[in-house]
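Colleague: Just the structure for this:
(one chain, ligands or ions: 1)
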Amino acid sequence: MPNIKKVLRRIKDCMPCINPSPMEENLFMIRNIAQKDIDWTFYPTLVEIYTWLDSIIEQNPKVVSSFHIGRSYEGRLIRGIKISFKRGKKAIFIESNIHAREWITSATATYIIKELLLSNKPDVRKMAESLDWYIVPVLNVDGFDYSHEKDRTWRKSRRPVNDKSVGIDLNRNFSYRWGWRKAGPSSVLYPGPHPESEPETRQLVDFINKGIPNGSIVMYVALHAAAQCILCPWTHTRTPPKNYKEMMSVAKAFTEALAVRYGTQYKCGSSATILQKFSGGSKDWAYAVKGIPLTFTIELPGRGTKSRFALPNKRILPIGREVLDGFVGMIGAVKKLGYI
Ligand SMILES: [Zn+2]
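Modeller: Numbering: from 1, shown residues only. Below you'll find the predicted structure:
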């Protein structure tokens, strides 16, 4: 039986706090009090993800610690967990659901967390224990909630920009070459009024700068959907980055290990060669500004029923399993390169 006080506190963390009336607060509580346990047969809400995180933290106190990077524009807590089996390890940072509608990313991130902690397969154990894992399952908490409650296809954050437009594409709001491609407030790709103008982006940057020992992160992974590929920098030019060969060897190890289970094929290359060019994304910031040597976007599959982002529930588990296989291959390659 869950501790009711804890449940209520957790629900409050997921509640928008811009002047809610007592009535709104009560309604939010009532709507969220009945939660389902995450089992990868459905797409969980923010409250369900945070309640699950609490149970994971409680069950693994020696290995797992909770962190938060701050609050979103609407006041929701942006939470993450650190998994660390041994002291003094290099780190990997996984950021997920920066785009609200890409629900498969947080579903996959939670699956990875579970397997890192509970799997008894030797190759998964070896991978889990070779690194410190920082994982933020839902970065764009306001947009994520909005996509559950109002608009399944919502992508941006939820800060009003002017009378007509709401939201910033947070993955265009990072500082590296910010605003290189112009897009106005009504565009789904609007990068915001200036670099790191948004609380979600700015606090993520602050957390990485101040909350994690400098130089310890060797790999940054941003989970997205639905282009089914793994991408390294750059996003704004097709000129390859300095250690392109290294990054491609890691990306290939991911795609090859991922394909074994169900034959799923992922493309690999730089963002600008596989997708359309843009700038202000987190991966290029992590590589160019933060100096993390291996940075990737992993685009999970799409082709769902209603839209590219609405993958049927039955796809969640197979995608989790094959992506975990991919990570085992990828971390093996990182080890071969001597980074860990
Ligand atoms: Zn995305």
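Colleague: For residue 218, grab the count of nearby residues.
Modeller: Each residue near residue 218 was counted by other CB atoms under 10 Å, and the total is 19. C-beta here means a position set from N, CA and C on the backbone, and glycine is covered the same way.
Colleague: Make sure it is indeed in a strand.
Modeller: Yes. According to DSSP: H, G, I helix; E, B strand; the rest coil, the state of residue 218 is that of a strand.
Colleague: In the stretch 1-150 of the chain, which residue sits closest to the ion?
Modeller: Going by CB to the ion, the ion is nearest to residue 99 of the stretch 1-150 of the chain, at 3.5 Å.
Colleague: pLDDT averaged over stretch 232-250 - what is it?
Modeller: Mean pLDDT, taken over the full extent of stretch 232-250, equals 98.
Colleague: buried ones in the longest helix seen in the chain?
Modeller: Longest among the helix segments of the chain by residue count, using DSSP state H, is helix 316-336. Across helix 316-336, burial judged by 16 or more other CB atoms under 10 Å covers 316, 319-334.
Colleague: What's the separation between residue 284 and the ion?
Modeller: 14 Å (CB to the ion, to the nearest Å).
Colleague: and that residue, what helix or strand is that in?
Modeller: Taking DSSP states H and E as the criterion, the element that holds residue 284 is helix 282-288.
Colleague: Please apply the same query to residue 223.
Modeller: strand 217-225.
Colleague: Please list the residues of the stretch 151-300 of the chain that sit near the ion.
Modeller: Counting by CB under 5 Å from the ion, the residues of the stretch 151-300 of the chain lying close to the ion are residue 224.
Colleague: Where does the stretch 151-300 of the chain get nearest to the ion, residue-wise?
Modeller: Among the residues of the stretch 151-300 of the chain, residue 224 lies closest to the ion, at 3.4 Å counting by CB to the ion.
Colleague: so that residue touches residue 298, yeah?
Modeller: Yes. Here residue 224 reaches residue 298: they are 7.0 Å apart, a contact under CB atoms under 8 Å.
Colleague: neighbour-wise, which of these two wins?
Modeller: Each of residue 224 and residue 298 has its neighbours counted (other CB under 10 Å); residue 298 has more, 27 against 23.
Colleague: sec struct for the more buried one, please.
Modeller: Residue 298 ends up strand, using three-state DSSP.
Colleague: partner residues bridging it?
Modeller: residue 223, residue 230 (DSSP bridges).
Colleague: quick one: low-confidence parts of the stretch 201-340 of the chain?
Modeller: Per-residue confidence for the stretch 201-340 of the chain (pLDDT under 70) gives these ranges: 304-306.
Colleague: quick revisit: how close does the residue of the stretch 1-150 of the chain closest to the ion sit to residue 331?
Modeller: Residue 99 sits 25 Å away from residue 331, going by CB to CB, to the nearest Å.
Colleague: Also residue 114?
Modeller: Relative to residue 331, residue 114 is positioned 17 Å away (criterion: CB to CB).
Colleague: Same check on residue 45?
Modeller: Spatial separation of residue 45 from residue 331 under the definition CB to CB is 30 Å.
Colleague: and the nearest residue to residue 178 once chain neighbours are set aside, what are its phi and psi?
Modeller: Closest residue in space to residue 178, ignoring its immediate chain neighbours: residue 195 at 3.9 Å, by CB to CB, 6 or more residues apart in numbering. Note on residue 195: backbone dihedrals following degrees, to the nearest 10 are phi -60, psi 140.
Colleague: Distance check, the closest residue to residue 286 other than its chain neighbours against residue 295.
Modeller: Setting aside the residues directly before and after it, residue 286 is nearest to residue 220 in space (CB to CB, 6+ apart), at 3.9 Å. Distance of residue 220 to residue 295, given as CB to CB: 4 Å.
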